[in-house]
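Student: Structure for this input, please:
(chains A and B)
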Amino acid sequence: MMDLDPRQYEHVIVNDSDVRNIVLSYLVHNCFNETAETFLACTGMKQPVDYLVDMDKRKSIFHFVLDGNALKAIELTEQLAPNLLEDDKDLHFDLLSLHFIDLVCSRKCTEALEFAQTELTPLGKLHKYVEKLEDLMALLAYEEPEKSPMFHLLSSDYRQNIADCLNRAILAYPNLPSYSSMERLIRQATVVRQFLHQELSKDGPPTFSLKAFLKN
Amino acid sequence: MGGVEDDEPPSKRVKASTEDLRSPFDNSSRSVPISPLGGSMARPLLSQGKDDMIGSKGVIKKVEFVRIITKALYSLGYERSGAALEEESGICLHSSVVNLFRKQVLDGNWNESVLTLHKIGLSDESILKSASFLILERKFFELLEKDRVMDALKTLRSEITPLGIDKKRVHELSSCVVSPQQRLLLGFANLGIETSNSRLKLLEDLQKLFPPTVMIPERRLEHLVEQALSVQREACYLHNSLDNSLSLYTDHHCGKDQIPSCTVQVLQAHHDEVWFLQFSNNGKYLASSSNDRSVIIWEVHEDGELSLKHMLTGHQKPVLMVAWSPDDFQLLTSGMEEAVRRWDVRTGDCIHVYEKGGLGLISCGWFPDGRQIFSGATDKSTCLWDLDGKEVESWKGQRTTRTSDMAVTKDGRWIISICRETAILLVDREAKLEKLIEEDQTITSFSLSGDDNFLLLNLVNQEIHLWSIKDDPVCVTRYRGHKRSRFLIRSCFGGYKQAFIASGSEDSQVYIWHRGTGDLIKALPGHSGAVNCVSWNPADPHMLASASDDHTIRIWGLNRAHLKCKEAYSNGVADQCNGKGQ
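Tutor: The predicted structure follows:
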């Protein structure tokens, strides 16, 4: 490792293949399989083992969650990473809740009620889920759940969040990194800058902002 | 129109409907005194001014009065009488709309009742919504009871939620649909078993939402009567009775005949002056201590007679005072500048002797937890022991050496003691606060009231002062009349709610004052020597004990002749104050 002076910023040499790996890891993490294949072909890089195979599956799981088919997503996850959901009860609960929400959105009240009684209420014994369950059950009271106080449960942001969690969990399962290297690099930069800023205050560099950095 | 004869008495003109539907609050077309029911009643427009008010003061509205009586008749179960009164007076308990509403609620016709609700003429939207909510919630739960889950859910979604109120409750109802346990939690199990009762309860809840003219509140008449009785009782200056039932036939006031004023028993067992006595906390025993170096425990029997239970000997010196343990199983006694002894009340055995090397102890007392005792010594210090005799703490003071009264409040927080000849110190053990009571004269003894909020001080100048000690100490009343010049005389609180103050006196009488006003009520002769100490039985407001230099103890009670007289005139309900037949 080089002993670098921050003022030598301009002189840091960045290895090209490192950069390509970073880009690839981003593409693979987010299941952009076609783009990843093209990228590999263009750069002449070697395919990492197994990554692309699983990527398809992960991609479909991800989209099932986003599109409102949580049960199918659960099924596929079980196939791809057995016991993952058994070990991660929170995630399992979130996915089941999504299915319930789907039923409520499609106004299938009877099915939603039955599903809630069979699958969700048993989980209500755990204290940490009680509040969440109350919110979910309350959705049943509204003919237009989008106008209820719990409308955020129906938002696509909420689903996206769960889909991301699931994706990361699946990656972590065979001990692969759950965050792409690009994300980790940005986090690193942010933390280091923040630390420097606190230590050196006006002498140090300002806190890291990705937006500002990109505009530069 | 109408076909109403002019010579018919107004009360018989029962008109149909259009008036029923007019709002009770619609006063615009009236030009005569308004009766609260206005247009929703069946009365004609013209009502004579003098018919409207009754009672000598002209403050009671006749219509309201009759309606409340009608309601009371129905509540008591006298349906026919209630209906007869409605008919005869022409004053309906409820308008016909309200009657219909009530019927529909009781029959469980929920949807119709909600519609009728809107016809009652309530102008406040929020009341309408709250009432509809209650009714529909009831409908919801009855559906769930019958296992018609989807119907219940539909009611929730399409009828209850759109009301837009009480979101929290709506969410709770939602979880009731899903989980039967929630229904239990919200208290809605067993609806089916007592449907009619719980529908009545629903009506009561609804009535609380409405303005009272629409539906008379339940038990209104009883409430008014109770208020009156309570005012009478509060105003009863000499009230000294445990019996809470007052007669409705006459205004209640106690005469002095409720104050113990007659010697009922003379206890002669001590051989010398009796200096101190005190009833146990439960009023079942009396302990007395004497110059003859003994302490006697007397038992109070059911019929009010006292008999000697134990004579406790062991002290080598005259016994200055006794103190009952908070649970009354033990007694502390302190000899004059000697030791403190702890006795078992049941057996009369001495369990422990507390001494402080070289010092004479002169007073004793318990801590409210019954596990520690304190004692004052001749060197002006106070000592704290645990029951085994291990000294826990001791502190110096500046009190007079003759007495060292000390008291601890029931919560164990405040310690009250005489710190100087003319001052009393109150120390808060936890918060380390102090309060001071200062007098101009020497304080000879004090006692703490039962509620820990007042302190009664005996002063050298023949006055007894009552201080309030809850916040900043302030002197509230002074009592005078008794005589005290050479000896230590003690006073106490007593009677019903400790409304009286009693004291001994050097003129051989027992003095009793009204606490609130300071008026002297009685001076009781009987003893032939100075009365040193008095104690009022905490469990029996009619029993007072006094200890005297004439070697006796007198028990004071009610004058039986008077009592018998009163019973003869009573209305058959036992009018005496307690069952012990004094």
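Student: Just list the residues touching whatever residue of chain B ends up closest to chain A, thanks.
Tutor: Nearest to chain A, among the residues of chain B, is B:His171, at 3.6 Å (C-beta to the nearest C-beta). In this view, the C-beta of every residue, glycine as well, is placed from N, C-alpha and C. By C-beta atoms under 8 Å, 6 or more residues apart in numbering or on different chains, B:His171 lies in contact with A:134-135, A:137-138, A:141.
Student: Which pLDDT does the model give it?
Tutor: At B:His171, the model reports a pLDDT of 87.
Student: Check the one 10 residues further on too.
Tutor: Residue-level confidence at B:Gln181 comes out at 71, pLDDT.
Student: What about it, how many residues nearby?
Tutor: 13 (other C-beta atoms under 10 Å in any protein chain shown).
Student: can you tell me which helix or strand it belongs to?
Tutor: helix B:180-185 (DSSP states H and E).
Student: and the next element down the chain from that helix?
Tutor: From helix B:180-185, the next helix or strand downstream (DSSP H and E) is helix B:195-209.
Student: Next, the closest residue to chain B within chain A: secondary structure please.
Tutor: At 3.6 Å from chain B, A:Ala138 is the closest residue in chain A, using C-beta to the nearest C-beta. Put simply, A:Ala138 is helix when judged by DSSP: H, G, I helix; E, B strand; the rest coil.
Student: Over to the one 5 residues further on?
Tutor: At A:Glu143 the chain is in coil, as set by three-state DSSP.
Student: Mind jotting down where the helices sit in the chain?
Tutor: Using chain A. Taking DSSP state H to define them, one finds helices in chain A at A:16-29, A:33-43, A:51-67, A:70-80, A:84-87, A:89-105, A:109-115, A:127-138, A:156-172, A:181-200, A:210-215.
Student: wrong chain, I was asking about chain B
Tutor: Using DSSP H, the helices of chain B run over B:18-21, B:49-52, B:62-75, B:79-89, B:96-107, B:110-119, B:125-145, B:149-155, B:167-178, B:180-185, B:195-209, B:220-235, B:560-569.
Student: Now render those as JSON lines, adding distance to A:Ser156.
Tutor: Formatted as JSON lines, the helices of chain B follow (distance: least, C-beta to C-beta, whole Å):
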{"stretch": "helix B:18-21", "distance to A:Ser156": "53"}
{"stretch": "helix B:49-52", "distance to A:Ser156": "69"}
{"stretch": "helix B:62-75", "distance to A:Ser156": "59"}
{"stretch": "helix B:79-89", "distance to A:Ser156": "64"}
{"stretch": "helix B:96-107", "distance to A:Ser156": "46"}
{"stretch": "helix B:110-119", "distance to A:Ser156": "39"}
{"stretch": "helix B:125-145", "distance to A:Ser156": "33"}
{"stretch": "helix B:149-155", "distance to A:Ser156": "27"}
{"stretch": "helix B:167-178", "distance to A:Ser156": "24"}
{"stretch": "helix B:180-185", "distance to A:Ser156": "31"}
{"stretch": "helix B:195-209", "distance to A:Ser156": "43"}
{"stretch": "helix B:220-235", "distance to A:Ser156": "58"}
{"stretch": "helix B:560-569", "distance to A:Ser156": "85"}
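Student: of all the ones you listed, which lies closest to B:Phe446?
Tutor: Comparison of those against B:Phe446 by C-beta to C-beta identifies helix B:220-235 as nearest, at 28.2 Å.
Student: what does that closest one contact?
Tutor: Contacts with helix B:220-235, where a contact means C-beta under 8 Å, 6+ apart, come from B:68-69, B:71-72, B:217, B:239, B:246, B:248, B:251-253.
Student: and the two most separated of these?
Tutor: That would be B:Lys71 and B:His239, which, of the contacts of helix B:220-235, are the farthest apart (C-beta to C-beta) at 31.4 Å.
Student: Tell me where chain A is predicted with low confidence.
Tutor: Filtered on pLDDT under 70, chain A yields the residue ranges A:1-6, A:49-53, A:204.
Student: Would you mind listing what in it touches chain B?
Tutor: Contacts of chain A with chain B, taken as C-beta under 8 Å from any C-beta of the partner chain, map to A:109-110, A:113, A:116-117, A:120-121, A:124, A:133-135, A:137-143, A:149.
Student: Buried members of those residues into PyMOL, please.
Tutor: To isolate the buried members of the residues of chain A next to chain B in PyMOL, using 16 or more other C-beta atoms under 10 Å in any protein chain shown:
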select buried, chain A and resi 109+113+116+120+121+124+133+134+135+137+138+139+140+141+142
